[in-house]
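> what's the 3D shape of this:
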Amino acid sequence: MPSWQDKIHQAAIASATEAVQRERARCLYICDRVVKRCEKDLAGKILHEQQRHNAEVKLQIMRALSQQIKQGIVLNIRPPEPISVLRQPVRDQAEMQKRIELLTGLLQELGWTPACTLADVAAEISRLKKLEDRYEEMQDRIEELEGK
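The predicted model follows:
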């Protein structure tokens, strides 16, 4: 049976997730409203042919920008953050969750499965460092042999 702390933690994650989803929905709604408002404003105006053409081109550009913004919101695109920022301690649960997701995503891209432990990753890093040292020794040895 989960402890109260676990239940509170799960409730906090659920609340944060819901808040993020609502904020995304709000942003998507605003993008749609801006485009519809401009379409409505354009439809109500009497313009010369050249002015109408220019306004239609601007409207198409705005639709394309709105689509790009909406796609970025849905795909959860974020600005890149340097590792130094990720290493700073935080008290914010959502920020910590984001950092953990970034790091676990990176590990999965490198081929690690969710069943792997941190000890497995540390052991692999240690093994790779030894291989790198061995590789450098062999490179030095090759240079010595080529020099003779």
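> which strands and helices sit next to the helix ranked longest in the chain?
Secondary structure assigned by DSSP state H gives helix 4-43 as the longest helix of the chain. With contacts taken as 3 or more CB pairs under 8 Å, 6 or more residues apart in numbering; DSSP states H and E, helix 4-43 sits against helix 49-74, helix 93-109. C-beta here means a position set from N, CA and C on the backbone, and glycine is covered the same way.
> mind doing that once more with 6 Å?
helix 49-74 (3 or more CB pairs under 6 Å, 6 or more residues apart in numbering; DSSP states H and E).
> show me what the helix it packs on is packed up against.
Packing partners of helix 49-74 (3+ CB pairs under 6 Å, 6+ apart): helix 4-43.
> relative to Ala11, how far out is Met96?
Using CB to CB, to the nearest Å, Met96 is found at 16 Å from Ala11.
> my error: substitute Asp140 in the last question.
58 Å.
> next one: Asp120
Distance from Asp120 to Ala11, by CB to CB: 31 Å.
> the more surrounded of these two?
More neighbours surround Asp120 than the other of Asp120 and Ala11, with 13 against 10 (other CB atoms under 10 Å).
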